[in-house]
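Undergrad: what's the 3D shape of this:
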Amino acid sequence: MSPLDPRRRDLVKCEDMRIHSERARQFLGSRSFEEFLSDELVQDAVIRCVEVVGEAARQVSDTTREQTSDMPWALVIGMRNILAHDYGGVDLEQVYRVVMENIPELLTHLGGLIARLEREAGWRGENDPRE
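TA: Sure, this is the predicted structure:
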């Protein structure tokens, strides 16, 4: 992948968003908010995943972000900024709510965006019969 190829770079960043969104959901699992509060290891894992999602979103090109206005880019990036820079002020209830309520919708948006970027970048997967 060429560092000058913005479509492929955006594809990689969106895949990072997808992977870490899925991990955040997996780490949280079916825990109640009270269970989440009582497990610092899970808190740290989930918070780190949400940070990575936001950092990857920040690195997606303006062009791609402008073409996908239904994606809450500013909110995703803003959440990352809060988690990365406001250590003592992290609202665990907000983190829990984001992962339980907003990440599933984000994953839906990412599915379509990733498919589009794969087409635009000419990406062919391992099992692609065109290879």
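
Undergrad: next, the buried residues of stretch 18-29.
TA: The neighbour-count check on stretch 18-29 (16 or more other CB atoms under 10 Å) flags 18, 20-21, 23-25, 27-28 as buried. Every residue, glycine included, has its C-beta placed from N, CA and C.

Undergrad: out of those, which is nearest to residue 5?
TA: Each of these was scored against residue 5 by CB to CB, and residue 18 proved nearest at 19.3 Å.

Undergrad: and the closest one, which helix or strand is it part of?
TA: Using DSSP states H and E, residue 18 sits in helix 6-28.

Undergrad: give me the helices and strands touching that helix, please.
TA: Identification of packing neighbours for helix 6-28 by 3 or more CB pairs under 8 Å, 6 or more residues apart in numbering; DSSP states H and E yields helix 40-59, helix 62-67, helix 103-121.

Undergrad: just put the buried residues of stretch 18-29 in CSV and tack on distance to residue 71 and pLDDT.
TA: CSV is the format used below for the buried residues of stretch 18-29 (distance: CB to CB, whole Å; pLDDT from 0 to 100):
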residue, distance to residue 71, pLDDT
18, 12, 98
20, 15, 98
21, 12, 98
23, 19, 98
24, 17, 98
25, 18, 98
27, 23, 98
28, 22, 97
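
Undergrad: out of the helices and strands packed on helix 6-28, deepest packed?
TA: The highest average neighbour count among these, using mean count of other CB atoms under 10 Å, belongs to helix 40-59 at a mean of 19.
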